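Student: Sequence and computational prediction follow.
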Amino acid sequence: MTTAPRPVTVGVEALDVYGGSAWISADDLAAGRGLDRGRVKNLMLTGRSVALPFEDPVTHAVNAAKGLVDGLDPEARDAIEVVLVATESGVDYSKSIASYVHRYLELPSHCRLLEVKQACYAATAALQLAVGYLASGASPDARVLLIATDVGLADERAEYAELATGSGAVAMLLSEHPDILELDLGAFGLHSFETMDTARPGPDIEVADADQSLVAYLECTVRSFADYRTRVADVTLDGTFDHLVFHTPFAGMVRAAHRRAMREFTGFGSAAIATDFTRRVEPGLTYPAQVGNLFSGSLYLALASLVDQLPGATDRARVGLFSYGSGCSSEFFSGTVREESRQAMAARKIGPRLAARRRLGFAEYTELLPESRACLLPRAHLAVGAHTDWRPDSPGGPPLLALQGVENYHRHYDWI
């Protein structure tokens, strides 16, 4: 018996985003809540996505992956062997969201299905485990579908964090054909410790210590990169990477993390740090500023934003990526992008689809917020069909999976 050689390259073959079908502007939400405009400006947000009453983590996940999967030829679709869903918004303590995703995307029966949890770091943990599986050569030409999906819980009790809490999903196809991001195998740095910066002790309860979360995030930024340098020779933060992409709760937090890391690992002064932020980091902040924090999907939403804004005829460029999850666990890793990455990303038309979302006023937003939050609660029976007023008005657009109701705790969906 012979074993096929391990693939030379592994990474992200395709990436797509579902940023919800509705959004509210940061200015409208801040005005409605009476928040200080100066502090709101520091968040560097345009707005945030809002889950409508028929949207939940399952619909977000499927809608993010639908176009990606439908675009595969039959052989590539049949090669999907693993479906991983990373989420903080699981709808069941036993049954995984991946099982619903598998059903409604009509994926092959020969799949491993798994839900992964580690706050906002979960998708990166799942990605690295999947990459190890693919790189091992155990199943040549296999593909892994990885989806990060969440519904934000924030309301007026969260104060300024409400402005930054988004809803939606990012779907990635991982394979030996990394058209979007080719990972640097073995190049990573880790830093983890236990802390209570945020938690979800119940399906509709979120507690957060904003100060502790910022401290942990900044500490993990520099310590994970320090660990990366122990594994990869001749690395400098300012010279090795053409671009930097961060887990993005909001852009202001990313700016603080970039400043902290540059001060620790380079001799740059304040002006040079600001210039570097504009050049290497800001391209990844466009989509997060429109969608808000997508939790474990936020790093990959930032990656999509960066790749979409690469200049034409881009040579192979190295990207440093920082992933953080409360609790906490973090990782700095790297990969390369190229002109073909930009072309493949542009074909997804993420920017135009975000621009086409329905804009909600503050009154509409507050009216639907309790029902949107309630979609995460365990219920024996729930009817959603009456909410036709909230359905998106997008004639000619792609079909969307929508929650129809719950019967004996079994969630039912249909295409609209």
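Tutor: Here it is on my side, so go on.

Student: Pull out the buried positions in whichever strand in the chain runs longest.
Tutor: Taking DSSP state E as the criterion, the chain has its longest strand at strand 181-192. For strand 181-192, a neighbour-count test (16 or more other CB atoms under 10 Å) marks 181, 182, 183, 184, 185, 187, 188, 189, 190, 191, 192 as buried. (C-beta placed from N, C-alpha, C; glycine too.)

Student: in the stretch 201-350 of the chain, which spans are helices?
Tutor: 210-231, 251-265, 270-276, 286-291, 298-308, 339-346, 350-355 (DSSP state H, counting those that start in this stretch).

Student: okay, these, which one's buried deepest?
Tutor: helix 298-308 (a mean of 27; mean count of other CB atoms under 10 Å).

Student: mean confidence for that one?
Tutor: What helix 298-308 shows for mean pLDDT is 98.

Student: helices or strands next to that helix in the packing?
Tutor: Applying 3 or more CB pairs under 8 Å, 6 or more residues apart in numbering; DSSP states H and E, one finds that helix 298-308 contacts strand 11-18, helix 122-135, strand 168-175, strand 243-246, helix 286-291, strand 317-325, helix 339-346, helix 350-355.

Student: Report the backbone C-alpha coordinates of the last one in PDB.
Tutor: Same thing as helix 350-355. Provided in PDB are the C-alpha atoms of helix 350-355 (Å, rounded to 0.1, in the frame of the first residue of the first chain):
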ATOM      1  CA  ILE A 350     -19.500  41.200  -1.000                       C
ATOM      2  CA  GLY A 351     -19.400  45.000  -1.100                       C
ATOM      3  CA  PRO A 352     -22.400  45.400  -3.300                       C
ATOM      4  CA  ARG A 353     -24.400  42.800  -1.300                       C
ATOM      5  CA  LEU A 354     -23.700  44.700   1.900                       C
ATOM      6  CA  ALA A 355     -24.700  47.900   0.300                       C
END
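
Student: before we move on, back to that, of all the helices and strands packed on helix 298-308, which one is nearest residue 71?
Tutor: strand 11-18 (7.5 Å; CB to CB).

Student: Give me the residues contacting the next helix or strand along the chain from that closest one.
Tutor: Counting by DSSP states H and E, the next helix or strand C-terminal to strand 11-18 is strand 22-25. Applying CB atoms under 8 Å, 6 or more residues apart in numbering, the external contacts of strand 22-25 come out as 46-50, 52, 290-291, 354, 357-362, 365, 390, 392.

Student: go again using 7 Å as the cut-off
Tutor: The set of residues external to strand 22-25 that reach it, using CB atoms under 7 Å, 6 or more residues apart in numbering, is 46, 47, 48, 49, 50, 52, 357, 358, 359, 360, 365.

Student: now do stretch 153-164
Tutor: For stretch 153-164, the surrounding residues in contact (CB under 7 Å, 6+ apart) are 26, 29-30, 33, 35, 39-40, 43, 45, 48, 165, 204, 206, 208, 210, 249-250, 292-293, 369, 373.

Student: pretty sure residue 111 contacts residue 83?
Tutor: Yes. Look at residue 111 against residue 83 with CB atoms under 7 Å: they come within range, at 5.4 Å.

Student: For those two, work out which one has more neighbours and name it.
Tutor: Taking neighbours as other CB atoms under 10 Å, residue 111 and residue 83 compare with residue 83 leading, 25 against 17.

Student: which residues are contacting whichever strand or helix holds that one?
Tutor: Counting by DSSP H and E, the element that carries residue 83 is strand 80-86. Identification of contacts with strand 80-86 by CB under 7 Å, 6+ apart yields 61, 96-98, 101-102, 107-108, 110-116, 122-123, 126, 130, 139, 142-149, 296.

Student: Quick one: buried ones out of those?
Tutor: Neighbour-count burial (16+ other CB under 10 Å) applied to the contacts of strand 80-86 gives 61, 96-98, 101-102, 107, 111, 113-116, 122-123, 126, 130, 142-149, 296.

Student: picking that back up, any chance you could list residues touching both of residue 111 and residue 83?
Tutor: Residues touching both residue 111 and residue 83 (CB under 7 Å, 6+ apart): residue 102.

Student: picking up where we left off before, looking at the buried residues of strand 181-192, spot the one nearest residue 77.
Tutor: Nearest to residue 77 among the buried residues of strand 181-192, with distances taken as CB to CB, is residue 181, at 21.0 Å.

Student: Tell me the secondary structure at residue 147.
Tutor: Using DSSP: H, G, I helix; E, B strand; the rest coil, the secondary structure recorded for residue 147 is strand.

Student: give me phi/psi at residue 267?
Tutor: phi -100, psi 20 (degrees, to the nearest 10).

Student: so how far is residue 273 from it?
Tutor: Distance of residue 267 to residue 273, given as CB to CB, to the nearest Å: 11 Å.

Student: residue closest to the middle of the protein?
Tutor: Closest residue to the average C-alpha location of the chain: residue 297 at 1.1 Å, with CA atoms, centre = their mean.

Student: what packs against the lowest-mean-pLDDT helix or strand in the chain?
Tutor: Here the helix or strand of the chain ranked lowest by mean pLDDT, DSSP states H and E is strand 205-208, holding a mean of 81. Judged by 3 or more CB pairs under 7 Å, 6 or more residues apart in numbering; DSSP states H and E, strand 205-208 is in contact with strand 198-202.

Student: hmm, back to that, which of the contacts of strand 22-25 sit farthest apart?
Tutor: Across the contacts of strand 22-25, no pair lies farther apart than 46 and 52, at 19.4 Å, counting by CB to CB.

Student: Narrow the contacts of strand 22-25 to those in helices?
Tutor: Members of the contacts of strand 22-25 lying in helices (criterion: DSSP state H): residue 365.

Student: so which of the contacts of strand 22-25 is the most crowded?
Tutor: Within these, most neighbours by other CB under 10 Å means residue 48, with 30 neighbours.

Student: correct me, but that one touches residue 167?
Tutor: No. If you go by CB under 7 Å, residue 48 and residue 167 don't touch, sitting 8.0 Å apart.

Student: related to what we said a few turns ago, next, give me the two most distant ones among the buried residues of strand 181-192.
Tutor: The two members of the buried residues of strand 181-192 with the most space between them (CB to CB) are 182 and 192, at 25.9 Å.
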